[in-house]
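1. Pasting a predicted model and its sequence here:
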Amino acid sequence: MYPTQQSDSGDLNVVADFRSDTVTRPTPEIRALMATAPVGDDVFGDDPSINHLESFAAEMMGFEAALFAPSGTQTNLIGLMTHCQRGDEYIVGQEAHTYKYEGGGAAVLGSIQPQPLNNQPDGSIAIKDILAAIKPDDCHFAKTRLLALENTIGGRVLPMSYVKEATDAVKQRGLATHLDGARLFNAAVALGVEPHHIARSFDSASICLSKGLGAPVGSLLLGNKDFIKAARRYRKMLGGGMRQAGVLAVAGEYVLKHHVERLAEDHYHAKRLAEGLASTGVLKVTEPQTNILFVEVPQEIATEFAAYLQQQRILVTGTTLQRWVTHLDVTRSHVDESIRIVRRFFEGA
Ligand SMILES: Cc1ncc(COP(=O)(O)O)c(C=O)c1O
C-alpha cells in the first residue's frame, strides 16, 4: 500500500510542508505507472517511455524537439551551454535561478559570463536595461549571445506583452532567448493561457516536472531539432545521460497530462493562506499571484515565531522573510489548520 496523497504530507508528524513545491510525493497512480513502464537504454535512444515523453512534450509546448534530463538545473545549464560558446555572455536577472541558485554553473562549467541586471518589483528586467547591456562587437568585450528570463519568478508572473516585447527586442539585436520555465505551468494557469503561448516567444525553454506538477524527478529542455541534437551532447558531458529512466518519464508524461489544470487549486490555497496569515494583523504578506507567498515577520518576534512553527510541525523557509509554497500535497484542511495554529501564536502573545 502507498500512503494516500492529498490527505497527509508524507511525514505524518507534519501539519503541512510549505518549504517548496519540490517536496511532493508521487501519487499511487504515478507509482503504478512507474512500476510497469517500458524501458530501454536512453543513451542509445532505446527507451520508449523517454522517447514518447520527449515527443509528447515537444508537441504540447510547440517546439520541434525535447530532451529529458534529471533536473532543472541541468536543463538550464545545457540550454545555456548550447546557446553560448566559451567566453560568450548571457543577460540574466539578479534574482534568476540560473544566476543565483545554480552554483554558478554557467560560469564554472560553461565558461559563460553572466551579465546580471536588476529585476524590477514585478520580476521583469527593464527592456532599456537589457538593450543597454548588450556589448558592442569589440575584442575588449565578451560576446553577448543570450537573454535568459524566468517565468514565474519568485511566484510572480511576467506579463505576456512584456515577454513578447523583451524577446523581440533582443532578437532584433541578434541574441538568442532562453526561458527558465520551471514554473511555466503556474504562469499559464494564472494567466489563463495555454503553456505553449508563453514558451513560443523563446528559442529554448526548460520546464520542470517535479515542482508543482508533482513528478518525482525530471525536467525537459525544448528547442528546434538542431538545438536539441547539440544539447544531447552537453547532457552526456554533464553526466545527465540516464539509462532505463523510462520509469521517470512515464511519471513526467502523466503529470503533463493530469496535473496542469489543478495548479489553480494551489493558487487558491496560496491566496487563502495569505488572507489567513495577514488576518493576524502582524504578519505582512505579499499577495500571491501563483503558489508562492512571502511573509515579513517583525524582527523582534521572528526567531520565536520560526521556532513555534517548527515545534508545531509547520515547515516553511526563512525567518524574518519567510517563503510559503503550496503544492499537490497541501490540502485546504492543511491550509486552514495552519492558519488556526498561526493565529494561536498571536492570540497567546
Ligand atoms: C525557477 C527555478 N529554475 C530552476 C530550478 C532548478 O530545478 P532543480 O531543482 O530540478 O534542479 C528551480 C528549483 O527550485 C527553480 O525554482
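-> Nice, I can see it.
2. which residues sit against stretch 239-250?
-> Residues outside stretch 239-250 that contact it (Cβ atoms under 8 Å, 6 or more residues apart in numbering): 33-34, 37-43, 47-50, 52-53, 68-70, 74, 78, 215-218, 235. C-betas here are computed from N, CA, C, even on glycine.
3. Inside helices: which ones of those?
-> Among the contacts of stretch 239-250, the residues falling in helices (DSSP state H) are Leu33, Met34, Pro48, Ser49, Ile50, His52, Leu53, Gln74, Ile78, Arg235.
4. Grab the two from those that are most spread out in space.
-> The span of the ones in helices among the contacts of stretch 239-250, defined through Cβ to Cβ, is set by Leu33 and Ile78 at 26.1 Å.
5. more neighbours, those two?
-> The neighbour comparison of Leu33 against Ile78 (other Cβ atoms under 10 Å) goes to Ile78, with 29 against 18.
6. With Asp21 as the reference, measure out to that one.
-> 22 Å (Cβ to Cβ, to the nearest Å).
7. And the ones in helices among the contacts of stretch 239-250, which of them are buried?
-> Buried members of the ones in helices among the contacts of stretch 239-250, scored by 16 or more other Cβ atoms under 10 Å, are Leu33, Met34, Ser49, Ile50, Leu53, Gln74, Ile78, Arg235.
8. and the nearest residue to the first one once chain neighbours are set aside, which of the three is it?
-> In this case it means Leu33. Closest residue in space to Leu33, ignoring its immediate chain neighbours: Val250 at 4.6 Å, by Cβ to Cβ, 6 or more residues apart in numbering. Secondary structure, DSSP: H, G, I helix; E, B strand; the rest coil: Val250 is helix.
9. Please parse this structure into its domains.
-> Annotated domains of the chain cover 16-25+262-347, 37-258 [automatic domain parsing].
10. most packed of the ones you listed?
-> Using mean count of other Cβ atoms under 10 Å, the stretch among those with the largest mean neighbour count is domain 37-258, at a mean of 20.
11. pLDDT at the residue in the stretch 1-150 of the chain that the ligand sits nearest to, what is it?
-> Of all residues in the stretch 1-150 of the chain, the one sitting closest to the ligand is Gly72 (2.6 Å; Cβ to the nearest ligand atom). Gly72 carries a pLDDT value of 98.
12. show me the contacts for it.
-> Listed by Cβ under 8 Å, 6+ apart, the contact set of Gly72 reads His97, Asp180, Ala182, Ser206, Cys208, Lys211, Ser219.
13. if you set the cut-off to 10 Å instead, what comes out?
-> Contacts for Gly72 (Cβ atoms under 10 Å, 6 or more residues apart in numbering) come out as 22, 97-98, 102, 180-183, 206-211, 218-221.
14. Please list the members of those residues that lie in strands.
-> Cross-referencing those against strands under DSSP state E gives Asp180, Gly181, Ser206, Ile207, Cys208, Ser219, Leu220, Leu221.
15. Same list, the residues you listed, but as TSV with distance to the ligand and pLDDT please.
-> Shown next, in TSV, are the ones in strands among the contacts of Gly72 (distance: Cβ to the nearest ligand atom, whole Å; pLDDT from 0 to 100):
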residue	distance to the ligand	pLDDT
Asp180	5	98
Gly181	8	98
Ser206	7	98
Ile207	10	98
Cys208	5	98
Ser219	6	98
Leu220	11	98
Leu221	12	98
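16. What is the most widely separated pair among the residues you listed?
-> Farthest pair in the ones in strands among the contacts of Gly72, by Cβ to Cβ: Asp180 and Leu220, 12.5 Å.
17. Quick check: neighbours shared by the two?
-> Gly72, Thr75, Ala205, Ser206, Ile207, Cys208.
18. Just the closest of those residues to Val15, please.
-> Taking Cβ to Cβ as the measure, Val15 lies nearest Cys208 of these, at 25.9 Å.
19. beta partners of the closest one?
-> Ser219 (DSSP bridges).
20. So Ala69 versus Met242, what's the distance?
-> 8 Å.
21. residues from the stretch 1-150 of the chain in reach of the ligand?
-> Contact residues (Cβ under 6 Å from any ligand atom) of the stretch 1-150 of the chain with the ligand: Thr22, Ser71, Gly72, Thr73, Asn76, His97, Glu150.
22. how about those in TSV, adding distance to Arg332?
-> TSV is the format used below for these (distance: Cβ to Cβ, whole Å):
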residue	distance to Arg332
Thr22	21
Ser71	30
Gly72	28
Thr73	32
Asn76	33
His97	29
Glu150	29
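23. Could you check how far Ala307 is from the ligand?
-> According to Cβ to the nearest ligand atom, to the nearest Å, Ala307 and the ligand sit 26 Å apart.
24. can you pull the contacts of that residue?
-> Thr319.
25. Can you say which helix or strand has it in it?
-> Following DSSP states H and E, one finds Ala307 within helix 299-311.
26. what sits up against the next helix or strand along the chain from that helix?
-> Using DSSP H and E, the helix or strand that directly follows helix 299-311 along the chain is strand 314-315. By Cβ under 10 Å, 6+ apart, the surrounding residues in contact with strand 314-315 are 9, 11, 14-20, 23, 308-309, 324, 334, 337-338, 341-342.
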